[in-house]
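K.L.:
sequence and predicted model, in that order:
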Amino acid sequence: MSDTDLELLQCYTRNNSQDSFATLVNRHLNLVFSAAMRQVRLPQLAEEVAQSVFADLAQSATKLKPDTILTAWLYEVTRRTAIDVVRRESRRQLREKVAHELTTMNATADDWTEIEPFLDEAMHALDATDRAAVLLRYFENKTLREVGETLGTSDDAAQKRVSRAVEKLREFFTKRGVTIGASGLVVVISANAVQAAPVGLAVAISTATLAGTTFLATATITKAIALTTLQKTLITATIIAAVGAGVYEARQVAQLREQNRTLQQQQAPLAEQIQQLQRERDDATKGLAGLLAENARFRSNPNQNEFLKLRGDVGVLQQKATELSRLKQDERLTFTTEDVFKVHQMHSSDAMGKIIEAVKKFSKIHSGEYPRDFDELKASVEISPTNLAGSLGFSDFVFLAPGTVDFEGTPLILRNRNPIINPRGESIWVYGLIDTNGNPSMHIMAAQYGN
């Protein structure tokens with residue numbers, strides 16, 4: 001009988017058994033990959049999601065509860081990871097689209113006229129890998145993913161290499177008196193570096209190549225005659241090609257000029273919109289500056305400062321009154337003034353409140369579950385003894401077993417490690433919980449809860 005998921009996971013965590021983990025991966029990979037594929041729609045992204053999910057499993061193996069159903073756990077983690085990947089890809093595509101639209105508005109045909117004479121020299125100045133990256137990205141207009149695959153690197157690494165290469169090109173042009181931004185440079189290169197070849201040229205080249213092969217096969221028989229005929233043919237073809245190229249170039253120049261006029265007409269409304277947005281931004285900036293100045297005057301007023309202090313004191317008093325009222329409503333507890341003082345002395349340290357706030361953050365991250373000890377809490381939520389006010393720290397509290405509740409059925413999470421002993425020798429326990437409104441809270445509970 002094959003081992004269960006739990007047995008394989010325990011073998012991996014205890015013995016660092018790579019074979020056990022590999023068995024888990026093979027057993028559940030189809031489920032994870034299929035669930036990811038339905039959401040991200042691309043095999044490459046689905047593979048990325050699957051790798052991330054099993055990496056999370058390796059990291060969380062020691063934290064999974066004994067009754068965890070691994071199939072359900074993997075499915076849920078796959079869903080969350082796929083959602084994050086889809087959001088990341090959407091943001092990346094949006095940034096690329098916006099950047100392309102903005103730079104297109106700033107690029108003109110005049111930029112290409114200045115850049116064209118130096119472009120090939122600038123490309124030659126790059127090293128082989130940078131030159132290949134620029135050729136793939138802007139001459140052939142390939143995506144960063146395709147550039148990365150061709151160069152054998154990741155998307156991010158391809159992006160960084162392309163950006164560095166473009167900056168080198170920009171510096172090359174600047175030294176030769178051509179001033180242009182990096183964004184404008186890539187737009188001009190993408191739009192103009194590769195032009196359409198004349199119609200029929202590919203057929204002519206193929207035909208000439210095949211004819212040249214046939215000619216070589218018979219050259220030993222009619223060498224003198226063939227050379228004469230070939231020379232005439234080449235001269236005639238050269239003249240025709242030159243005339244055709246001149247006509248084609250003239251037509252292309254006319255088309256480019258017309259396209260440039262059209263773009264300039266289209267940019268006029270966009271320029272007006274940009275100016276309007278800039279005016280609105282300036283107005284908003286002035287309004288914000290006014291609000292900040294008013295706030296500074298408000299804070300600098302001594303009367304206002306006194307008012308804020310009094311308002312804070314009232315809040316503290318109201319909180320204490322609420323706690324005393326809650327204590328009075330519990331008929332099973334009878335405390336002396338000294339008891340209440342000691343409880344509030346502990347409460348004022350604010351240590352338990354900070355720990356319960358961290359537990360609340362942990363619960364949000366782990367779908368409503370609570371930590372079993374401080375090591376598990378600190379692994380997911382940033383909290384340290386230096387952040388705790390007063391003299392209390394982690395060692396003064398203990399986590400309760402899951403399912404412990406008070407007399408109203410509210411789950412109890414934390415309590416002080418040692419009770420407060422009043423002069424009558426009675427034990428007083430202070431418990432930490434998250435109330436029904438989701439707020440961290442502390443209650444003084446009856447003695448039987450501390451047994």
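P.N.:
Cool, the structure landed.
K.L.:
tell me where this protein has strands.
P.N.:
397-399, 412-416, 420-421, 427-434, 440-445 (DSSP state E).
K.L.:
rounded mean pLDDT for the shortest one, please.
P.N.:
So that's strand 420-421. What strand 420-421 shows for mean pLDDT is 74.
K.L.:
that one pairs with which strands, parallel or anti?
P.N.:
strand 427-434 (antiparallel) (DSSP bridges).
K.L.:
what do you get for the first one?
P.N.:
Next to strand 397-399 in the sheet, as set by DSSP bridges, lie strand 412-416 (antiparallel).
K.L.:
give me the contact list for the partner strand.
P.N.:
346, 352, 355-356, 359, 370, 396-400, 404-406, 429-434, 445, 449-450 (C-beta atoms under 8 Å, 6 or more residues apart in numbering). Where you see a C-beta, it was placed from the backbone N, CA and C, and this is true even at glycine.
K.L.:
give me the buried subset of the residues you listed.
P.N.:
Buried members of the contacts of strand 412-416, scored by 16 or more other C-beta atoms under 10 Å, are 346, 352, 355-356, 359, 370, 396-397, 399-400, 429-434, 445, 449.
K.L.:
picking that back up, as TSV, the strands of the chain with distance to residue 94 would be great.
P.N.:
Shown next, in TSV, are the strands of the chain (distance: least, C-beta to C-beta, whole Å):
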stretch	distance to residue 94
strand 397-399	44
strand 412-416	42
strand 420-421	57
strand 427-434	38
strand 440-445	38
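K.L.:
who wins for proximity to residue 39 among those strands?
P.N.:
Among these, strand 427-434 comes nearest to residue 39, with 32.0 Å by C-beta to C-beta.
K.L.:
hey, C-alpha coordinates of that closest one in PDB?
P.N.:
C-alpha atoms of strand 427-434 as PDB (Å, rounded to 0.1, in the frame of the first residue of the first chain):
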ATOM      1  CA  SER A 427      -6.400  33.800  41.500                       C
ATOM      2  CA  ILE A 428      -7.400  36.400  38.900                       C
ATOM      3  CA  TRP A 429      -6.800  35.600  35.200                       C
ATOM      4  CA  VAL A 430      -6.700  38.000  32.300                       C
ATOM      5  CA  TYR A 431      -7.600  36.500  28.900                       C
ATOM      6  CA  GLY A 432      -7.000  37.900  25.400                       C
ATOM      7  CA  LEU A 433      -9.600  37.400  22.600                       C
ATOM      8  CA  ILE A 434     -10.900  39.000  19.400                       C
END
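K.L.:
let me know the angle separating that strand from strand 440-445.
P.N.:
Angle of strand 427-434 versus strand 440-445, following axes from the mean of the first three to the mean of the last three C-alpha atoms, to 10 degrees, is 150 degrees.
K.L.:
contact partners for residue 121?
P.N.:
By C-beta under 8 Å, 6+ apart, the neighbours of residue 121 are residue 172.
K.L.:
confidence score at it?
P.N.:
For residue 121, the model assigns a pLDDT of 90.
K.L.:
ok, the one 3 residues further on next?
P.N.:
According to the per-residue confidence, residue 124 scores 88 in pLDDT.
K.L.:
so who does it touch?
P.N.:
Residue 124 touches residue 131, counting by C-beta under 8 Å, 6+ apart.
K.L.:
hmm, try it at 10 Å
P.N.:
The contact partners of residue 124, taken as C-beta atoms under 10 Å, 6 or more residues apart in numbering, are 131, 172.
K.L.:
before we move on, what about residue 45?
P.N.:
Residue 45 sits next to 36, 37, 39, 82, 85, 86, 88, 89, 145 when contact means C-beta under 10 Å, 6+ apart.
K.L.:
next one: residue 150
P.N.:
Taking C-beta under 10 Å, 6+ apart, one finds 132, 133, 135, 136, 140, 142, 158 in contact with residue 150.
K.L.:
mean confidence for stretch 375-392?
P.N.:
Rounded mean pLDDT across stretch 375-392 is 65.
K.L.:
do stretch 146-164 as well
P.N.:
Stretch 146-164 comes out at a mean pLDDT of 92.
K.L.:
show me the shaky parts of the stretch 251-400 of the chain.
P.N.:
Scanning the stretch 251-400 of the chain for pLDDT under 70 picks out 251-257, 260-271, 274, 284-285, 287-310, 314, 317, 320-350, 384-393.
K.L.:
to clarify, my last question referred to the stretch 51-200 of the chain.
P.N.:
Applying pLDDT under 70 to the stretch 51-200 of the chain flags residues 98-109, 197-200.
K.L.:
and the helices in it?
P.N.:
70-106, 109-125, 128-134, 144-151, 155-175, 182-192 (DSSP state H, counting those that start in this stretch).
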